[in-house]
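Participant: Build the 3D model from these lines:
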Amino acid sequence: MARTTPNTSMLGFIAILLSTASITTAIPAPVPSMSHLNGGTLACGDRVNNDANNQFFATIANMQTATESFCGGLSKSGTTFSPTAGIPNYTEAFGVLPDIHLKVSYLGGGNKNCPTIDWSSSANLALCKRSFQAPINNCDTVNSAGKPNWKQGGSYQRDCIVYTISRS
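Facilitator: Purely as a prediction, here's the structure:
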């Protein structure tokens, strides 16, 4: 009876196939980083700023200008957020180049533990400006490429209100 020897090239192929099987596992999509800041929750955008593309990133000066204008407009609008007034949003896009989108969302509709916010008061005007500084100053903190457009924004949630600022 003839003795057969194992095909070592076939065994090597099977070993390689088995060793690479775990590599095919799907990698989850990136999610915005979240952290706690001053009693609230900060969520930063998830784009990698490797080319400072102005489609997704803005200058810090433009973000600051948009915030000043947005909060001033909110204050002048006479908008009041209240637990009994539903869930209003105040949204505006500014034509600073590039456009920057800002939004304040109230999560307190029907929640008696949420405060009533009269945006026309000077204290709440200051609150608006200060709250938008959280994503502006605490997201995209390193400008390693030295490009002018390096801020993408994010959102900050505190006291039943979400402040969102983004380039697009």
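
Participant: what pLDDT, on average, does the helix or strand hosting Tyr90 get?
Facilitator: Per DSSP states H and E: Tyr90 is located in strand 89-94. For strand 89-94, mean pLDDT is 62.

Participant: Then stretch 59-73?
Facilitator: 90.

Participant: Asn124 and Tyr163: what is the separation?
Facilitator: 12 Å (C-beta to C-beta, to the nearest Å). C-beta: built from backbone N, CA, C; applies to glycine.

Participant: Comparing these two, which residue is more hemmed in?
Facilitator: A count of neighbours by other C-beta atoms under 10 Å puts Tyr163 above the other of Asn124 and Tyr163, at 28 against 20.

Participant: Could you list everything the more buried one pairs with in the sheet?
Facilitator: As for beta bridges, Tyr163 partners with Val104, Tyr156 under DSSP bridges.

Participant: Return the residues in contact with it.
Facilitator: Residues near Tyr163 by C-beta atoms under 8 Å, 6 or more residues apart in numbering: Leu102, Lys103, Val104, Cys128, Ser131, Phe132, Ala134, Pro135, Ser155, Tyr156, Gln157.
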